[in-house]
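Visitor: turn this into a model:
(2 chains)
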Amino acid sequence: MYRTHTCGELSKESVGSVVTLAGWVNKRRKFGNLVFVDLRDRYGVTQVVFNPEKTTEFELAEKLKYEYVISVTGTIVARDEKNINTEIGTGEIELLASEIKILSEADTLPFEIFDSGKGEEDEELRLKYRFLELRRERLKENILFRAKMIGYIRNFMESRNFVDIATPILTVSSPEGARDFLVPSRLHKGKFYALPQAPQQYKQLLMVAGFDRYYQVAPCMRDEDPRADRSPGEFYQLDCETSFMTQDEFFTLMEPLFVELTENVAGKKVKSKPFPRIPFREVMETYGSDRPDLRYELKIREVTEWAKTTSFEVFTKADHVRLLAIPGGAEFTRAEIDNEYTDAAKRSHAKGLAWMKYDGTKFDGGISKFFTEEQLQELVQSQKIEAGSIVFFVADAWEVSCKALGAVRDMAGKKLQLADPDEIAWAWVVDFPFYEWNEDQKKIDFAHNPFSMPQGGMEALLNQDPLTIKAFQYDIIANGLELSSGAVRNKDAALMYKAFEIAGYGPEVVDKKFGHMIKAFSFGAPPHCGFAPGIERLVMLLRGEDNIRAVVPFPKNQKAEEPMVGSPSEVEDIQLKELGIKVDLSKK
RNA sequence: GGGCUGGUAGUUCAACUGGUUAGAGCACUGCCCUGUCACGGCAGAAGUUGCGGGUUCGAGUCCCGUCCAGCCCGCCA
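Guide: A predicted model of the protein is given here:
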């Protein structure tokens, strides 16, 4: 028998019993005639003591090195009062060893498992030895949390009559959306399957089929470049869809899941219940982002009217002038303002970032000299500027004036540590625009999913300025992350043809691309809506991680490679031949 | 595809304006140690400073090129 107990479960109650533990040598402390080993497994750490008077295998114990795998039999003894270790769960006892088996030796490690809290090793190295990094506490806990969370989600979904249905992995390529991963077909040379970017069409077909409530922890594959919060290549979604529910009913159905995950699984606080439902336009104008961190206030305000009364040309000529006053920001240095905040604003396409500081009686620095005393006092009164604030301005088109200050808001929130790490501020963003103006092609485009239901239906499509039509399209956001988009779907053929017509697509295009969907909808389709929160983002959010690779067991690097197994790789010529594929690596 | 930051021992970092033999912690090797828990002590081994070229009496440090990594933009609901 390799073990009778795990390294995390023994306590004072077990004193006197003979047990066998197995695990890895986490730490080892040698004295001449006494060896201590911290034995680690998935469940915890137990101290093992080797005393030459109690074991005939002391020489073996002296050979133990980091990460050897051993099995030790001995007696559980209580530690003396002064030797109790309160840092570990099993700190009141130790295993006095009599017998030891070395199950596996370990080479010198590329990095230490026991985390001494210094800097992090190069990520390339950690990915190459991911199986070692996964032994570390933080990563191990993230992976265990992920499993626990998915288990909780399944229970929640099942208890509400959702049915777990698997949809195809080998499916069909579609030109819109993200770039597809392709899989060549052997039986149909020259043809390709595509890996699903999301099971969007299948889940709608399941609604037509009458399954009523569907869910799946679904793998999604997209061949796009990664970001810190975006996995290269593949990720998972809690994909779900419901029939016969309005948008508000759907929110009410799903909200408890996020509350419970926050409170029961992660042990954190939910900032506001029920979750705020903020229209897109309002969230943009107030926070400068469609996924703001709502744990802190810092609201952007429009001051275009005030700006017109000044003689500062940058302001009087602009379509929109907005400001963001940051209490405490008067402390910002010139270098911070110029390099960090201005840079953030410019990345959001602002031409510049104007600022001035307010000490409670007067404004100083930046653009303050362009305004009269009366104009400044009016600003203090109307915007309730607090003493010690810095006031940032962006004068530009609507979107830029919002987004640039949103980027400034993000940076201030991070630098001033305005967010409580133990709090999750959930919210629904609703009323996304159905269409948007494509400046490059000078035409109207779908803003998001063309299958969303336009608010106002056919009436709106026929009579309203398309750019003012809203969709039953929503996001669930938290702490600056977008967890998911979702929508009430458009299941009406006439509505769909009209919606596409406005975006410049004739019925033949719709039929070619989506004929199978329209056909399905023509045989009795229930009204339906859903969403698909990202699993990795949920874990990141609930664990407070800011890199997606910290919550994925075997992630790909920035170039979408997996250094450990060496994917992607070349394949045998015979494999290519079977597929009728020739590789041409010449440029262009 | 573009921008920013970085690349020094197995690893994490240091080396002031160019200046002796490139240092330290952890890991590794050997020895000492019976109550440690980031144990301690003594000794030791460990480096093509990413790579190539240049400037210089002298380059880890300056210049040019190149490769690699992370983050950001593009892209991605």
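
Visitor: mind checking how far the closest residue to residue A:490 other than its chain neighbours is from residue A:69?
Guide: Counting by CB to CB, 6 or more residues apart in numbering, the nearest residue to residue A:490 once its immediate chain neighbours are dropped is residue A:453, at 4.7 Å. (Each C-beta comes from the backbone N, C-alpha and C, glycine too.) Between residue A:453 and residue A:69 the computed distance is 58 Å (CB to CB, to the nearest Å).

Visitor: what about the residue of the stretch 201-350 of chain A found nearest RNA strand B, neighbour count?
Guide: Per CB to the nearest atom of the strand, residue A:225 is where the stretch 201-350 of chain A lies closest to RNA strand B, at 3.1 Å. By other CB atoms under 10 Å, 10 other residues sit near residue A:225.

Visitor: who touches it in this structure?
Guide: residue A:232 (CB atoms under 8 Å, 6 or more residues apart in numbering).

Visitor: my reading is that it lies in a helix. Confirm?
Guide: No - counting by DSSP: H, G, I helix; E, B strand; the rest coil, residue A:225 is not found in a helix; it is coil.

Visitor: related to what we said a few turns ago, neighbour count: residue A:453 and residue A:69, which is higher?
Guide: The residue with more neighbours, out of residue A:453 and residue A:69, is residue A:453; 23 against 17, by other CB under 10 Å.

Visitor: just checking, the more buried one touches residue A:488?
Guide: Yes - the pair residue A:453 / residue A:488 is scored as a contact, 4.4 Å apart, by CB atoms under 8 Å.

Visitor: between those two, which contacts overlap?
Guide: Counting by CB under 8 Å, 6+ apart, the residues touching both residue A:453 and residue A:488 are residue A:472.

Visitor: tally up the residues packed near residue A:334, please.
Guide: Count around residue A:334 with other CB under 10 Å applied: 9.

Visitor: up against RNA strand B, what does the stretch 351-500 of chain A have?
Guide: A:448, A:449, A:451, A:452, A:473, A:482, A:485, A:487 (CB under 7 Å from any atom of the strand).

Visitor: ok, the stretch 51-200 of chain A next?
Guide: Neighbours of RNA strand B within the stretch 51-200 of chain A, by CB under 7 Å from any atom of the strand: A:51-53, A:65-66, A:79-80, A:82-85, A:87-88, A:91, A:94, A:108-112, A:116-125, A:176-179, A:197-198, A:200.

Visitor: any of those buried? List them.
Guide: For those, a burial check counting by 16 or more other CB atoms under 10 Å picks out A:79, A:91, A:94, A:197, A:198, A:200.

Visitor: distance to residue A:285 and pLDDT for those - can I get that in TSV?
Guide: Shown next, in TSV, are these (distance: CB to CB, whole Å; pLDDT from 0 to 100):
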residue	distance to residue A:285	pLDDT
A:79	62	94
A:91	54	93
A:94	62	95
A:197	31	92
A:198	30	92
A:200	30	92
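
Visitor: redo those as a markdown table? Include secondary structure.
Guide: Formatted as a markdown table, these follow (three-state DSSP):
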| residue | secondary structure |
| --- | --- |
| A:79 | coil |
| A:91 | coil |
| A:94 | strand |
| A:197 | coil |
| A:198 | coil |
| A:200 | helix |
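
Visitor: least trustworthy helix or strand in chain A by mean pLDDT?
Guide: helix A:334-335 (a mean of 78; mean pLDDT, DSSP states H and E).

Visitor: now check it, is it near RNA strand B?
Guide: No - against RNA strand B, helix A:334-335 shows no contacts by CB under 7 Å from any atom of the strand, the least distance being 13.4 Å.

Visitor: after that helix comes which helix or strand?
Guide: helix A:342-347 (DSSP states H and E).

Visitor: average pLDDT for the helix or strand following that following helix?
Guide: Sequence-wise, the next helix or strand downstream of helix A:342-347 (DSSP H and E) is strand A:354-358. Average pLDDT, strand A:354-358: 92.

Visitor: re the thing from before, among the residues of the stretch 51-200 of chain A next to RNA strand B, which are in strands?
Guide: residue A:94 (DSSP state E).

Visitor: can you classify residue A:400 by secondary structure?
Guide: Quick answer, by three-state DSSP: residue A:400 is helix.

Visitor: what is the burial count for the nearest residue to it once chain neighbours are set aside?
Guide: Among residues not flanking residue A:400 along the chain, residue A:349 sits closest, at 5.2 Å (CB to CB, 6+ apart). By the measure other CB under 10 Å, the count of residues near residue A:349 is 13.

Visitor: again, but for residue A:352
Guide: Residue A:352 has 15 neighbours, counted by other CB under 10 Å.

Visitor: now do the top helix by length along chain A, average pLDDT.
Guide: Scanning chain A for the longest helix, with DSSP state H as the assignment, gives helix A:137-159. For helix A:137-159, the mean pLDDT works out to 96.

Visitor: mind listing what's buried in that helix?
Guide: A:139, A:142, A:143, A:145, A:146, A:149, A:150, A:153, A:156, A:157.

Visitor: ok, stretch A:352-364 next?
Guide: A:353, A:354, A:355, A:356, A:357, A:358, A:363.

Visitor: nearest to residue A:440 among these?
Guide: Of all these, residue A:353 has the smallest distance to residue A:440: 26.2 Å, by CB to CB.

Visitor: need the contact list for the closest one.
Guide: Counting by CB under 8 Å, 6+ apart, residue A:353 makes contact with A:337, A:341, A:342, A:345, A:346, A:392, A:393, A:394, A:404, A:408.

Visitor: likewise residue A:423?
Guide: By CB under 8 Å, 6+ apart, the contact set of residue A:423 is A:268, A:269, A:270, A:271, A:295.

Visitor: I am finished for the moment; much appreciated.
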